[in-house]
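Q: Kindly return the folded structure for what I paste below:
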Amino acid sequence: MIVRILNEGQWHLTDDAVRGLNSFDDAVEHAVTAGDQEQLTKALHTLLDRIRTTGTRVPDDELEDSDLILPAGDSTVEEVQQLLSESEEGLIPG
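A: Numbering: from 1, shown residues only. From the prediction side, this is the model:
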């Protein structure tokens, strides 16, 4: 699966690695529901760091369709809330 982090680039993740992101996704959703920007920033950084460490960076000169698009680490509660409103499964499906 190809995951894009806005303003950063793309990473290739195995299906197992994607499934392992659900608890991090839950933390992001909880922070948005609470309207807590500080908690959201921490949760996003944890989620995105996990993607960077478990995935393989797609070179910038390769163009791949993204299966998932995730917000940047400095996204606001409102920006992430908008992304979540477009999905019934959070940022990460499953």
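
Q: Without its sequence neighbours, what residue ends up closest to I5?
A: Ranked by CB to CB, 6 or more residues apart in numbering and with sequence neighbours excluded, the top spatial neighbour of I5 is L70, at 5.2 Å. Any C-beta I mention is one placed from the backbone N, CA and C, and that applies to glycine too.

Q: how near is A31 to D16?
A: Here the distance between A31 and D16 works out to 25 Å (CB to CB, to the nearest Å).

Q: got it, and L6?
A: Counting by CB to CB, the gap between L6 and D16 amounts to 24 Å.

Q: out of these two, which sits in the more crowded spot?
A: L6 (15 against 8; other CB atoms under 10 Å).

Q: check contacts around the more buried one.
A: With CB atoms under 8 Å, 6 or more residues apart in numbering as the criterion, the residues that contact L6 are 69-72, 75.

Q: Hmm, which of those is lowest in pLDDT?
A: The member of those with the lowest pLDDT is I69, and it reads 91.

Q: ok, the nearest residue to that one once chain neighbours are set aside - contacts?
A: Spatial nearest neighbour of I69, chain neighbours left out: R4 (4.8 Å); criterion: CB to CB, 6+ apart. Taking CB under 8 Å, 6+ apart, we find R4 in contact with 10, 66, 68-70.

Q: Generate a PyMOL selection restricted to the buried entries among the contacts of L6.
A: Paste this into PyMOL to select the buried members of the contacts of L6, with burial taken from 16 or more other CB atoms under 10 Å:
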select buried, resi 70+71+75
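
Q: need the contacts of L6 in TSV with secondary structure and distance to V58, can you?
A: Conversion of these to TSV gives the following (DSSP: H, G, I helix; E, B strand; the rest coil; distance: CB to CB, whole Å):
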residue	secondary structure	distance to V58
I69	strand	13
L70	strand	14
P71	coil	18
A72	coil	17
S75	coil	21
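
Q: Go through the contacts of L6 and name the one nearest R57.
A: Minimum distance to R57 across the contacts of L6 is 14.4 Å, recorded for L70 (CB to CB).

Q: for the protein, longest helix please?
A: Ranked by residue count under DSSP state H, the longest helix found in the chain is helix 37-54.
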